[in-house]
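Undergrad: Kindly return the folded structure for what I paste below:
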Amino acid sequence: MGVFLATAVISTVVVCAAAFAVIVYGPTGSTPDPLAVAVAQSLSGKSVIALEKERQQIILEDADSQKFTITSAPTITSTPAQLASGSSGAPIVPFGPPPSPSTLRGIAYGLLPAYGFSTDQFGCLNNIWDNESDWDPLAENASGAYGIPQALPGDKMASAGPDWQTNPTTQIKWGLGYIKDVYGSPCNAWVFWQAHGWY
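TA: Residues are numbered from 1 along each chain as shown. I've put the predicted structure just below:
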């Protein structure tokens, strides 16, 4: 690159000198015009100085560019914000108006605060238990999972009450306690369920 620049500078100076010679002395070698001589000297001096400064600047920039090294790959330092999230950070699933208190869903909705959950977590809970048992307290699958929360084995729910086989409220209480202990919130459990098909 240095040889190319030197050649370019020398060529430019030679061309400028030839052009100035024509301007100063004319095409036939006649007597030079004093005004043309003064202008030519002024222009040639400025051009050579400007070209030399540019050449030095390019040499310095080229030397500096050789010093650059890649020390690490870029990293992403933030995650996209969610439109709505629970206290645990998992996305909230909207659920419409509160369910009737006399229904199984209404019982679960009413028990959420007792387990430290806000009622906006109900949409996530509803999605899990819709998929697991369709809120049927007698639901049982081939693996032995039982009840609304599909406890496996079902008799785990005895820790919430001896009537775990027939009392949906006992099953709901056990299920909410299980979700709190294992996942921290119904929406965290729903995120896990979506990824695995179980919780």
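
Undergrad: Contacts only, for the closest residue to Val191 other than its chain neighbours.
TA: Distance criterion Cβ to Cβ, 6 or more residues apart in numbering; nearest residue to Val191, sequence neighbours excluded, is Ala90 at 4.9 Å. C-betas here are computed from N, CA, C, even on glycine. Contact analysis of Ala90 by Cβ atoms under 8 Å, 6 or more residues apart in numbering lists 124, 185, 187-188, 190-191.

Undergrad: Just put those residues in TSV and tack on secondary structure.
TA: As requested, those are arranged in TSV below (DSSP: H, G, I helix; E, B strand; the rest coil):
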residue	secondary structure
Cys124	helix
Ser185	coil
Cys187	helix
Asn188	helix
Trp190	helix
Val191	helix
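
Undergrad: and which of these is nearest Leu104?
TA: The nearest member of the contacts of Ala90 to Leu104, counting by Cβ to Cβ, is Cys124 at 16.3 Å.

Undergrad: Need phi/psi at the residue lying closest to Tyr146 once chain neighbours are set aside.
TA: In this structure, Tyr146 finds its nearest non-sequential neighbour in Gly154, 2.8 Å apart by Cβ to Cβ, 6+ apart. Gly154 adopts backbone torsions of phi -60, psi -30, taken as degrees, to the nearest 10.

Undergrad: Quick check: the residue nearest to Val191 vs Gly123, distance?
TA: According to Cβ to Cβ, to the nearest Å, Ala90 stands 11 Å off from Gly123.

Undergrad: Compare the contacts of Ala90 and tell me which is most surrounded.
TA: Cys187 (30 neighbours; other Cβ atoms under 10 Å).

Undergrad: Identify the residues contacting Ala139.
TA: 132-133, 146-148, 150.

Undergrad: could you redo the last one with a cut-off of 10 Å?
TA: Applying Cβ atoms under 10 Å, 6 or more residues apart in numbering to Ala139 gives the contacts 129, 132-133, 145-150, 154, 171.

Undergrad: repeat for Ala158
TA: 151, 164-165, 170, 174.

Undergrad: picking that back up, what residues are shared contacts of Ala90 and Gly123?
TA: 186-187, 190.

Undergrad: can you tell me which of these lies nearest to Lys53?
TA: Once Cβ to Cβ is applied, the member of the shared contacts of Ala90 and Gly123 that ends up nearest Lys53 is Cys187, at 65.5 Å.

Undergrad: Touching, that closest one and Phe95? I think so.
TA: No - using Cβ atoms under 10 Å, Cys187 is not in contact with Phe95, being 11.4 Å away.
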